[in-house]
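Chemist: next comes the sequence, and after it the predicted model I'd like to discuss.
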Amino acid sequence: APASTAPPVNAQVAGDWPAHGRNAGEERYSPLAAINNENVNELGLAWRFKYPLDRVVEATPIIADGVMYTTGAYSMVFALDAKTGELLWEYDPKVWRGVQGRGCCDAANRGVAVSQGKVYLGVYDGRLEALDAKTGKLLWTVNTLIDADRNYTISGAPRVVKDKVIIGNGGAEFGVRGYITAYDMDTGKQAWRFFTVPGDPAKGDESETITMIRKTWHGDQYWVQGGGGTVWDSMAYDPDLDLLYIGVGNGSFWNYKLRSEAKGDNLFVSSIVALRPTTGEYVWHYQTTPGDAWDYTATQHIIVTTLPIDGKDRRVVMQAPKNGFFYVLDAASGQFISAGKFGEITWAKDIDPKTGRPIVDVEAADYWTNSEPKTVFPGSQGAHNWPPMSFNPQTGLVYIPQQVTMEHFVPQETASAVQTGVPNLGIVTPIVPETLQGIEELAQIYRGNLVAWDPVKQEERWRHAHEHIHNGGTLSTAGNLVFQGTADGRVVAYAADTGDKLWEQPVTSGAVAGPVTYSIDGEQYVAFNVGWGGAFAITFGALAQRTRVVPDSNLYVFKLGGKAELPPVKRREFELPSPPPVTADAATLAQGKTLFANHCGVCHGLAAIGSDIIPDLRYLPEQKHKDFMPIIYGLQSHKGMPPFGEILEQDDIESIHQYIIKRSHDWRQEMLDTGEASAVETK
Ligand SMILES: O=C(O)c1cc(C(=O)O)c2c(n1)C(=O)C(=O)c1cc(C(=O)O)[nH]c1-2
Ligand SMILES: [Ca+2]
C-alpha cells in the first residue's frame, strides 16, 4: 500500500476507523476485504442504534479499541460497543436549540475525533470540548468564537494533528470572518489561530499573511460584513510533509460587487490552504474560485495521496469542490497539476493549464456588473457538497457523490447590515417553484450521480444515476467495493472497478453521511449513519420532499450473515392539510412571501414547502395556528424554533402567518386536482 494509507493514530490496527477520513490523508479507503464483491449480497443487519432525535445525522463514526463514537443532531455524542451496539455512554452538550437560527444548514454534526483516551467534539454553539473516552465525562471546554454577536456555528469534525486539536466554524451565509484554531489536546489551551480573510484594517493585520491577502480585497465593506472564508468542514494532514490542509469557504456577501467592488481575488475565499500544524504558519494556497460569487466553497473533502503523474509517483492533494472541477495539486508546493470537469458547469469554460485559474464565462455567470439576474450551474448546493468522497488505491479511482444543481442569482442593489439570525447574501433569496409542475420540471435538472473518477486522466470511468441530489458520502474497500447511502433511503454496494450494483437495502430515512467499515474478532462490519437533513433537505424542501423519506434516524451496522431485524421502513404520504381561512389581502400575502423567504425558508423550506424534518408549515395543526405569535416569540425555542421577537414586527409575523396559510390552501388544492394525496383529511 502507498505510504498515504498509514493512519495517524492506532497505526497498527487495520480493523479500526481511527480518524474522520480513516487515515491522515483522509482517503476513506479500508484495507479490509472479508466483505468483498463476491459475498457482499450476504450482508445482513448485525445491530442498530436508534438516535433519540429524529433529525439530521451527518457523522462519520470513529471506531477505536472496540468502541464506536458517533454524533447526532445538536452535537450529542454516543459511545457504543462496536460489536453489539450496546450504549456505553452518551454526552449531551445541551445546546440551546434556539441558536438554530444562526445556522444556515440544520443542526448537523459531522463527528468527533478520538485520540489518547479523549474524545473531541465541536459543539453547534461554538464550543470545543474534550471528553473522557471511557466515561464520556467532560474534561475541558473552550469557547472558540471571537464574536458572540456574529452567527458562528460549528458543524464540522475536529481533527487531531500531533498534539493539537483543530476546529473551524461556519456562518459565511450570515456575515462572519472565517478562521481556524488549534488547541493543546491535553489542556485545551489555545496554541494558534489562522484567519482566512482580512479583518478591520483599523485594528491592524494579525500577520504578514493577512497583509498579503488584504491586497486582494477592495472597498471598505468586506470586513464590516466579515468577508466569509469559513473552514466549516474539510481538513487533511500529510505526516511526511508535515502540512495541514484546510478547505476554505465562500465569500460573504456572495455578491462580489457588494463584497469587494467586483475587484480582486479575495484570498483565501474558496481556497485550499496549507499550514504548519505546530504553528499555524501559512505555507501555500490554491484558490479554486477567485472572487467567488456563487457560494462555491472549497470546503469539500480533501484527500492527500500518491498518484502516478507523468510516470512518476507524486504526492498530491485532491478536491472536488462545489464549483464542479476536480483538482489535483502538488501536496508540497500547491502547484496546479490538472483539473477536469466532474460536474455540469456554466460559470467557467475551463481551467487555464498554465496559470491554474478558471476562465470565467462572464456572459453566463456575472450577475453583479449590470445587475442582471443569471441562472448558473452549479447552484449553491454545488456539483459536490460535504458528503465525503473516497479514493481506492487499487482501482486508482475517486468515488464522488456528484450532483447537478443550478441557481437563479438575483443581485441586491444595496447591502443590508449584519443582523443576528438573518442570512445576508447580497442577493435576493433563491427562488423555488411553488407548483407541483414547476417542482417536477426543476427536479428533472437536479440529479445526483455516483461518479467514479480517474484523477490521473481527469475523466469519468463509470456512473450511477440517482433520482435525487444530496446522496451520502462514499467508502471504498480492498474488497473491490464502494458503499453509499442515498437521499431516498437506501444503502448500496457497488463493485469498485466496474460500478455494478451488488447489494441494496432500504432504510428508515435519507442517508447523507459517509459510511465506514471496521473489524472486531476477525469479523468485518459496515456502518451507515442514516438521518435525513442538512442544507438541501431543509431549505430546498420543494425538491427534497420528493424523496418521500421520513425523519427516523438510526445507525445501521451490517455484517455477512447478520440476522438482526430491520425496523419497518415508512415513506411519507401526502395528506390533505386543513388550514384556517386566508384573511389577508394580496399585498399582505406578497409581503409575507418575501419575509418568509428571508427569515423562515432556510429551515422550513423555500416557498413554505418542507420535507417535514423541521415542521412542514403547510401542515400546521390548529393549536399551532392559535399559538403562532407566542411560538414566533420563542415559546418553542427549546425545540429549535428560534425567537424572532427582536427581528420581526407583529405585522410582519401576521403577514408571514397568512402567507403560510395561503401556501397550505394552494397545496391542498393541488393535492385534490392531481389526486396526489391519500384521501384522508387531517386535523
Ligand atoms: O459558508 C458557511 O459557513 C457554510 C457552513 C455550512 C455548515 O456549517 O454546515 C454549510 C455551508 N456553508 C454551505 O454552503 C452548504 O452548502 C452546506 C451544506 C451543509 C449541510 O450540512 O448539509 N452545510 C453547509
Ligand atoms: Ca456556504
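Modeler: That came in fine, so what should we check first? Numbering: from 1, shown residues only. Ligands and ions are numbered 1, 2, ... in the order given.
Chemist: tell me how far residue 307 lies from residue 317.
Modeler: Using Cβ to Cβ, to the nearest Å, residue 307 is found at 10 Å from residue 317. Yep, even glycine has a C-beta here, placed from its N, CA and C like the rest.
Chemist: overlap in contacts of the two?
Modeler: residue 328 (Cβ atoms under 8 Å, 6 or more residues apart in numbering).
Chemist: more neighbours: which of those two?
Modeler: Applying other Cβ atoms under 10 Å to residue 307 and residue 317 shows that residue 317 carries more neighbours, namely 25 against 20.
Chemist: now for the helix or strand hosting that one, which elements pack on it?
Modeler: In the assignment (DSSP states H and E), residue 317 maps to strand 312-319. Applying 3 or more Cβ pairs under 8 Å, 6 or more residues apart in numbering; DSSP states H and E, one finds that strand 312-319 contacts strand 271-275, strand 302-309, strand 325-330.
Chemist: deepest-packed of those strands, please.
Modeler: Ranked by mean neighbour count under mean count of other Cβ atoms under 10 Å, the helices and strands packed on strand 312-319 are led by strand 271-275, which reaches a mean of 26.
Chemist: chain center to the helix or strand following that one, what's the gap?
Modeler: Moving toward the C-terminus from strand 271-275, the next helix or strand (DSSP H and E) is strand 282-287. Chain-centre distance of strand 282-287: 23 Å, with Cα atoms, centre = their mean, to the nearest Å.
Chemist: same question, stretch 251-263
Modeler: 23 Å.
Chemist: model confidence over it, on average?
Modeler: Stretch 251-263 carries an average pLDDT of 97.
Chemist: is that stretch anywhere near ligand 1?
Modeler: No - with Cβ under 6 Å from any ligand atom as the criterion, ligand 1 is not reached by stretch 251-263; the gap is at least 7.5 Å.
Chemist: in that stretch, what counts as buried?
Modeler: For stretch 251-263, the neighbour count (16 or more other Cβ atoms under 10 Å) marks 251, 252, 253, 254, 255, 256, 257, 258, 259, 260, 262 as buried.
Chemist: and the helices in the stretch 501-650 of the chain, which stretches?
Modeler: Counting by DSSP state H, counting those that start in this stretch, the stretch 501-650 of the chain has helices at residues 535-539, 541-544, 586-599, 601-604, 622-626, 628-630, 650-674.
Chemist: on that earlier part again, and the contacts of the strand holding residue 317?
Modeler: For strand 312-319, the external contacting residues (Cβ under 8 Å, 6+ apart) are 2, 4, 234, 236, 238, 240-241, 245, 247, 272, 274, 288, 298, 300-309, 326-332, 334, 337, 391, 398, 455.
Chemist: and with 6 Å instead?
Modeler: Strand 312-319 has contacts (Cβ atoms under 6 Å, 6 or more residues apart in numbering) with 245, 300, 302, 303, 304, 306, 307, 327, 328, 329, 331, 455.
Chemist: go on, stretch 436-444?
Modeler: Outside stretch 436-444, the residues touching it (Cβ under 6 Å, 6+ apart) are 433, 542, 543, 546, 670.
Chemist: then stretch 205-222?
Modeler: 195, 198, 259, 260, 261, 263, 264, 265, 266, 267, 282.
Chemist: can you list the buried residues in it?
Modeler: 209, 210, 213, 214, 216, 217, 221, 222.
Chemist: find the residue closest to the residue positioned nearest the centre of the chain in space, skipping its chain neighbours.
Modeler: The residue lying closest to the centre of the chain (Cα atoms, centre = their mean) is residue 386, at 4.0 Å. Leaving aside its chain neighbours, residue 386 sits nearest to residue 233 (4.9 Å; criterion: Cβ to Cβ, 6 or more residues apart in numbering).
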